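Peer 1: heads up, no residue letters with this:
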């Protein structure tokens, strides 16, 4: 888990390969189910519909028998009682990929047009303020992860190595 742009999908894919497990990206799963991209779901059906669908996909994935690395959506643990569902699921380990506001701003500014939650923001200062506010609100949920990995200045390989160390 982590904020958008924190590397959940990238690190998740690499970690899954490294530990020989299936990988599942939450956003991709939702897009397949709806046959729409995430921005289109938000636009056509609204955020409440999306969050209900997200909850359903979360419940299905936590009920699966097979081991997998799952990249949650940035907001998934922050809505309803999703974080409790995640924390209370048996044989589930949650990991928060943590980055600074400045690093997230740099990463997200270049791709903001593809992210419905931030595409309306005009410049880096607005984006940074938005991320700062969001991280303050979401930090309560993210910080309930079983492990918090500070990803600042680390390579993907270094992050994966740290995750593997924690999982042993």
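Peer 2: All right, it came through fine. All values reported here derive from a predicted model rather than from experimental measurement. Residues are numbered from 1 along each chain as shown.
Peer 1: Phi and psi next, for residue 88.
Peer 2: phi -90, psi -10 (degrees, to the nearest 10).
Peer 1: Just give me how far stretch 8-27 sits from the chain centre.
Peer 2: 12 Å (C-alpha atoms, centre = their mean, to the nearest Å).
Peer 1: swap that for stretch 102-116, please
Peer 2: Distance, centroid of stretch 102-116 to centroid of chain: 14 Å (C-alpha atoms, centre = their mean).
Peer 1: just stretch 127-146 next, same as before
Peer 2: Worked out by C-alpha atoms, centre = their mean, stretch 127-146 lies 12 Å from the chain centre.
Peer 1: And stretch 84-102, by the same measure?
Peer 2: That offset, for stretch 84-102, works out to 9 Å (C-alpha atoms, centre = their mean).
Peer 1: all helices of this structure, in order?
Peer 2: 8-18, 26-34, 38-63, 82-88, 101-109, 124-142, 156-167 (DSSP state H).
Peer 1: between the ones you listed, which gets nearest to residue 116?
Peer 2: helix 38-63 (4.2 Å; C-beta to C-beta). C-beta coordinates here come from the backbone N, C-alpha and C atoms, glycine included.
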